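Enquirer: give me a 3D structure for the following:
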Amino acid sequence: MANSSDSSTSPTASEAPKRGLFSRKPKEAKVKKPSRLKQIGEVFQMTRRHDPMVPWLMLLSFLGVVALSLLVGFLLDNWITGLIIGIPLGILAATLILSRRAERAAFAQIENQPGASGAALGTLKRGWITEDQPVAVNPRTQDAVFRAIGRPGVVLVSEGPSSRVKPLVDAERKRLARILPNVTIHVIESGRGEGQVPISQVAKKMTKLKNELTKLEVNTVSKRISSLGTRLPIPKGIDPYKARPDRKASRGR
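Expert: The predicted structure follows:
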């Protein structure tokens, strides 16, 4: 009986790989990242679902650039060089069209969703300090106010009907004015209503604001606000995607 029990356990023990004192640790399997072409393909498919015209626009831009390059080549009596230069320029033009349309499609997916304004702030370039969560929110209606700090000052971006979200904006503006009396506070209403800005244009409108602060003052303002240490309990669902339109992916990285 002892022999039978030993024989039943010995194979499993022998199957376990033994590593010597100086042997190398086995390498862990690396997760392969999708290739650049695969990324471009995924972005193209996503964009085409929301914008069926994108393949034709890309084709027209490619052919237009190649035709223009050929015309210049014929005028210079060197159409081969014109073609060689025109093909990569045409691909670049088509890629730019895809990038622009992909960004619009990404915004179209999150528009009218809770947290869409916060996602729009995520597309801002360097120089802005933003937060993923809103600084003020109505748990019942899910109207919200997001905040960004940059050289133009403090920008409050509201999300919801103007009349309904106005008390949230006014309360946050008064709170900031008490601790930042000399800093300009801008308000941008996101949405499709009268006087509102579509979320795809929020970042562009913010970058057009006049600069009033230095980079050092921006950091000082941010620290002053964060020193308050007040965080509101955010209801579930305020930002279902917790993601921003991927501009790098739209460019194919």
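
Enquirer: please count neighbours and contacts with C-alpha atoms only from this point.
Expert: Noted.

Enquirer: in the stretch 151-253 of the chain, which spans are strands?
Expert: 153-159, 185-190 (DSSP state E, counting those that start in this stretch).

Enquirer: what's the angle between the first one and strand 185-190?
Expert: What that stands for is strand 153-159. 30 degrees (axes from the mean of the first three to the mean of the last three Cα atoms, to 10 degrees).

Enquirer: what pairs with strand 153-159, and is each one parallel or antiparallel?
Expert: Note on strand 153-159: by DSSP bridges, its sheet partners are strand 144-150 (antiparallel), strand 185-190 (parallel).

Enquirer: list the contacts of stretch 58-76.
Expert: Contacting residues not belonging to stretch 58-76 are listed as 79-83, 85-87, 89-91, 93-95, 97-98 [Cα atoms under 8 Å, 6 or more residues apart in numbering].

Enquirer: just the buried ones among those residues, please.
Expert: For those, a neighbour count by 16 or more other Cα atoms under 10 Å gives the buried set as 79, 82-83, 85-87, 89-91, 93-95, 97-98.

Enquirer: low-confidence regions, this structure specifically.
Expert: Within the chain, the segments meeting pLDDT under 70 span 1-34, 229-253.

Enquirer: ok, back up a step: between the strands of the stretch 151-253 of the chain, which one is closest to L216.
Expert: With Cα to Cα as the measure, strand 153-159 is the member of the strands of the stretch 151-253 of the chain nearest L216 (12.2 Å).

Enquirer: mind listing what's buried in that closest one?
Expert: For strand 153-159, by 16+ other Cα under 10 Å, it's 153-159.

Enquirer: swap in stretch 112-129?
Expert: Quick answer for stretch 112-129 (16+ other Cα under 10 Å): 112-124, 128-129.

Enquirer: start to end distance for it?
Expert: Length of stretch 112-129, first residue to last, Cα to Cα, to the nearest Å: 24 Å.

Enquirer: cool, stretch 119-138 as well?
Expert: Stretch 119-138: ends 18 Å apart by Cα to Cα.

Enquirer: show me where the stretch 1-150 of the chain has strands.
Expert: 129-130, 136-137, 144-150.

Enquirer: just name the most buried of those strands.
Expert: Ranked by average neighbour count under the criterion mean count of other Cα atoms under 10 Å, those are headed by strand 144-150 at a mean of 24.

Enquirer: E42: how many residues sit nearby?
Expert: Look at E42: counted by other Cα atoms under 10 Å, it has 15 neighbours.

Enquirer: from G191, how far out is it?
Expert: 28 Å.
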